[in-house]
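Student: Whatever this is, show me its structure:
(one chain, ligands or ions: 2)
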Amino acid sequence: MAKLVIHPELIEDPQILVDICPFGAMELLDDGTLSINAACKMCKLCVRKGPKGAVTFEEDEAKPAIDKNAWKGIAVYCDHVDGVIHPVTFELIGKAKEMAKVTGQPVYVLLLGSNVNKQAHELLHYGVDEVHVYDYPELARFEIEPYTAAFCDFIEKVHPSSILTGATTVGRQLAPRVAAHMRTGLTADCTILEMEKNTDLSQIRPAFGGNIMAHIKTPNNRPQMATVRYKIMNAPDYNPEEKGTIIHETIDPAQLHSNVTVLDIVKKPKEDMIENADVLVVAGRGVKKKEDLEMLKELAELLGGQIACTRPLVEAGIMPAKAQIGLSGRTVRPKLIITCGVSGAVQFTAGMNNSDTIVAINTDPAAPIFEVANYGIKGDFYEIIPTLIENIKAQKRSLND
Ligand SMILES: Cc1cc2nc3c(=O)[nH]c(=O)nc-3n(C[C@H](O)[C@H](O)[C@H](O)COP(=O)(O)OP(=O)(O)OC[C@H]3O[C@@H](n4cnc5c(N)ncnc54)[C@H](O)[C@@H]3O)c2cc1C
Ligand code: SF4
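Tutor: Numbering: from 1, shown residues only. Ligands and ions are numbered 1, 2, ... in the order given. A predicted model of the protein is given here:
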């Protein structure tokens, strides 16, 4: 990493440098010395405009190139709570298998827990090469210190080139800690992953509010770490036959010590999550008032689904944040999604464009939502939805007759 170096012997009036810095990063301390704080943007104005040689920009010596041959395979962290494997794990296995075809290297799963033999066998039905298991009472429940220790132990022993972790509550805590420990990079919430023949991983994710897709690489660090949200990748089919090997890893239990004492575990009541719905009816800013949501709820219920929304409805306080789809909301992938009065901003579509069937209702024929919709209806949803509700009810009645 490059750094700025201050040369006090060449500075007569430190205030000149303080005044030059547009970001307030150059500070004059009480003892009269200059210091650069965290606000520094490395714009190098102080280097260019300050007294000659007073501040210099110095590059660190180039890091020696990493031996990529020493790091092989793609590992997936098995996310589970009380033995129930989170479906994002299978989706990541699907992606890892696809990418492993490019390099011809194995796919591993890392399973941490206690009495997890059943789960290890379950993973073998999804076509992974090796399941590495750390089965210790200390790992019975997710705790950050022992889980990090076991995860890092696995990396040091197996040397996987890439590691995929679900962007779940556990994954979002564990992956950054492991990455920091291994002094490697981590890209959060990737939406696309591409593997190159030389095992470099292209980690692609929306940035700057979804206006650009950033391609992030860590070519001189291993492992390369990425988190991916649930419902972004495709899970492989379940194979009735087990394939692959279970490897029982050992670690000194002293390393699994936790400084955290869990006093109690309180289960949250089960909520209906929009991520789990097969059918979603989405309310956009075209909804004029809160009471109008009732008609969309009725349609959702008739179709056995739930109501969701765009961000403006959350900001207006008429829908809860947990119902928001999009970049700053949830990612969904239902079988059917019907958007009502939604324009289709990229920040919204990023959270739903993998849905099986997208129906969009909008009065504006130029609305971008029609670019991602499978079926577009140009019209006023205040007229279309009541008719649709009546038709569905009539059909249900005729089926019951
Ligand atoms: C960093 C960042 C993150 C963001 N994250 C999200 C996010 O996670 N989710 C999200 O949704 N947004 C997000 N946004 C906001 C996003 O850019 C859009 O502003 C938002 O999605 C627009 O919501 P909308 O489509 O409901 O409203 P509008 O863009 O106002 O569209 C309303 C649409 O309704 C149509 N319409 C009006 N009346 C009717 C009617 N009676 N019948 C049919 N059609 C009608 C109009 O033609 C129009 O196309 C984010 C923005 C930023 C900058
Ligand atoms: S590099 Fe730019 S931001 Fe940093 S101290 Fe110098 S002038 Fe300020």
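Student: How much space separates the residue of the stretch 1-150 of the chain found nearest ligand 1 from Ala350?
Tutor: Of all residues in the stretch 1-150 of the chain, Val88 sits closest to ligand 1, at 19.2 Å by Cβ to the nearest ligand atom. (Each C-beta comes from the backbone N, C-alpha and C, glycine too.) Remark: distance between Val88 and Ala350 (Cβ to Cβ, to the nearest Å) = 17 Å.
Student: Then Leu112?
Tutor: Counting by Cβ to Cβ, the gap between Leu112 and Ala350 amounts to 31 Å.
Student: Kindly report the same for Ala179.
Tutor: 24 Å.
Student: Looking at those two, which is more packed in?
Tutor: Neighbours per residue (other Cβ atoms under 10 Å) separate Ala179 from Ala350, with Ala179 holding more: 23 against 20.
Student: Could you verify that the more buried one is part of a helix?
Tutor: Yes. Assignment of Ala179 by DSSP: H, G, I helix; E, B strand; the rest coil places it within a helix.
Student: right, and it touches Gly185 too?
Tutor: Yes. Counting by Cβ atoms under 8 Å, Gly185 is a contact partner of Ala179 at 6.7 Å.
Student: Name the residues contacting each of the two.
Tutor: Each of Met225 lies in contact with both Ala179 and Gly185 under the rule Cβ atoms under 8 Å, 6 or more residues apart in numbering.
Student: residues near Ala25, how many?
Tutor: So Ala25, with other Cβ under 10 Å, has 19 neighbours.
Student: Next up, the contacts around it.
Tutor: Listed by Cβ under 8 Å, 6+ apart, the contact set of Ala25 reads 36-41.
Student: so which of those residues comes closest to ligand 2?
Tutor: Cys40 (3.4 Å).
Student: sec struct for that closest one, please.
Tutor: Three-state assignment for Cys40 (three-state DSSP): coil.
Student: for Arg172, same thing?
Tutor: Secondary structure, three-state DSSP: Arg172 is helix.
Student: now Ala120
Tutor: Under three-state DSSP, Ala120 falls in the helix class.
Student: lowest confidence element among the helices and strands of this protein?
Tutor: strand 212-216 (a mean of 89; mean pLDDT, DSSP states H and E).
Student: Which parts of it count as buried, going by neighbours?
Tutor: Neighbour counts over strand 212-216 (16 or more other Cβ atoms under 10 Å) mark Ile216 as buried.
Student: How about stretch 97-111?
Tutor: For stretch 97-111, by 16+ other Cβ under 10 Å, it's 97-100, 103, 105-111.
Student: Report whether the longest helix anywhere in the chain contacts ligand 1.
Tutor: What stands out as the longest helix in the chain, according to DSSP state H, is helix 381-400. Yes. Judged by Cβ under 6 Å from any ligand atom, helix 381-400 and ligand 1 are in contact via 381-382.
Student: CA-only coordinates of that helix in CSV, if you can.
Tutor: Coordinates of each C-alpha in helix 381-400 appear next as CSV, following Å, rounded to 0.1, in the frame of the first residue of the first chain:
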residue,chain,number,x,y,z
PHE,A,381,-53.9,-1.3,-12.1
TYR,A,382,-56.8,0.4,-10.2
GLU,A,383,-59.0,-1.0,-13.1
ILE,A,384,-57.0,-4.2,-13.9
ILE,A,385,-56.6,-5.6,-10.4
PRO,A,386,-60.3,-5.6,-9.4
THR,A,387,-61.2,-7.3,-12.7
LEU,A,388,-58.4,-9.9,-12.1
ILE,A,389,-59.7,-10.5,-8.5
GLU,A,390,-63.2,-11.1,-9.8
ASN,A,391,-62.0,-13.5,-12.5
ILE,A,392,-60.0,-15.5,-10.1
LYS,A,393,-62.9,-15.7,-7.6
ALA,A,394,-65.2,-16.7,-10.4
GLN,A,395,-62.8,-19.4,-11.5
LYS,A,396,-62.4,-20.7,-8.0
ARG,A,397,-66.2,-20.8,-7.6
SER,A,398,-66.6,-22.8,-10.9
LEU,A,399,-64.0,-25.3,-9.7
ASN,A,400,-65.9,-25.8,-6.4
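Student: Residues contacting that helix, please?
Tutor: 286, 292, 295-296, 298-299, 302-303, 340-341, 361, 377.
Student: before we move on, what about stretch 343-357?
Tutor: Residues outside stretch 343-357 that contact it (Cβ under 8 Å, 6+ apart): 191, 206, 209-211, 231-232, 280, 282, 284-285, 310-311, 325-337, 342, 358, 360, 362, 364, 367-375.
Student: Just the CA trace of it, in PDB.
Tutor: Provided in PDB are the C-alpha atoms of stretch 343-357 (Å, rounded to 0.1, in the frame of the first residue of the first chain):
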ATOM      1  CA  SER A 343     -41.300   2.000 -12.800                       C
ATOM      2  CA  GLY A 344     -38.600  -0.600 -12.700                       C
ATOM      3  CA  ALA A 345     -35.600   1.300 -11.400                       C
ATOM      4  CA  VAL A 346     -32.400  -0.700 -11.500                       C
ATOM      5  CA  GLN A 347     -32.200  -0.600  -7.700                       C
ATOM      6  CA  PHE A 348     -35.500  -2.400  -7.600                       C
ATOM      7  CA  THR A 349     -35.100  -4.900 -10.500                       C
ATOM      8  CA  ALA A 350     -31.700  -6.000  -9.000                       C
ATOM      9  CA  GLY A 351     -33.700  -7.700  -6.300                       C
ATOM     10  CA  MET A 352     -36.300  -9.500  -8.400                       C
ATOM     11  CA  ASN A 353     -35.100 -10.000 -12.000                       C
ATOM     12  CA  ASN A 354     -34.400 -13.700 -11.500                       C
ATOM     13  CA  SER A 355     -38.100 -14.400 -10.700                       C
ATOM     14  CA  ASP A 356     -39.600 -17.200 -12.900                       C
ATOM     15  CA  THR A 357     -42.500 -15.100 -14.300                       C
END
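Student: In contact with the residue in the chain positioned nearest to ligand 1: list those residues for me.
Tutor: Of all residues in the chain, Gly326 sits closest to ligand 1, at 2.3 Å by Cβ to the nearest ligand atom. By Cβ under 8 Å, 6+ apart, the contact set of Gly326 is 310-311, 347-352.
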